[in-house]
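>>> give me a 3D structure for the following:
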Amino acid sequence: MLLCMPKLKTCEVGMGIHLSGCLNDKCNADCAAKYPGDQDGHGYCYTLPPYQSCHCLYLCYDQ
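Predicted coordinates:
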């Protein structure tokens, strides 16, 4: 019986759309809090006028 280990990859999730703006420092802090430690959560603001959203990148396993 051969067991396969799941592969580690980078996942991305949006944290919501903002009409009034997205601050990179706040976005990064929110992502770090949501995906702490070994998940290495960090975030960035993504703009597609007129909307802005906070996107989180974190480590996860391919199922």
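>>> buried sites along stretch 31-48?
By neighbour count with 16 or more other CB atoms under 10 Å, stretch 31-48 contains the buried residues 31-32, 35, 39, 41, 43, 45. The way it works is simple: take the backbone N, C-alpha and C, and place the C-beta from them, glycine included.
>>> after the lowest-mean-pLDDT helix or strand in the chain comes which helix or strand?
When each helix and strand of the chain is scored by mean pLDDT, DSSP states H and E, strand 7-18 comes last, with a mean of 89. Sequence order places helix 24-34 as the next helix or strand after strand 7-18, per DSSP states H and E.
>>> give me the pLDDT value at the residue most central in space within the chain.
Closest to where the C-alpha atoms of the chain average out (CA atoms, centre = their mean) is Cys56, at 1.5 Å. With respect to pLDDT, Cys56 scores 96.
>>> ok and the least confident helix or strand of the chain relative to helix 24-34, angle-wise?
With axes from the mean of the first three to the mean of the last three CA atoms, to 10 degrees defining the directions, strand 7-18 sits at 130 degrees from helix 24-34.
>>> which helices and strands sit right next to strand 7-18?
If you count contacts as 3 or more CB pairs under 8 Å, 6 or more residues apart in numbering; DSSP states H and E, strand 7-18 packs onto helix 24-34, strand 51-62.
>>> before we move on, back to that, dump the residue contacts of the residue nearest to the centre of the chain.
Shown in contact with Cys56 (CB atoms under 8 Å, 6 or more residues apart in numbering): 12-15, 27, 30-31, 34-35, 41-43.
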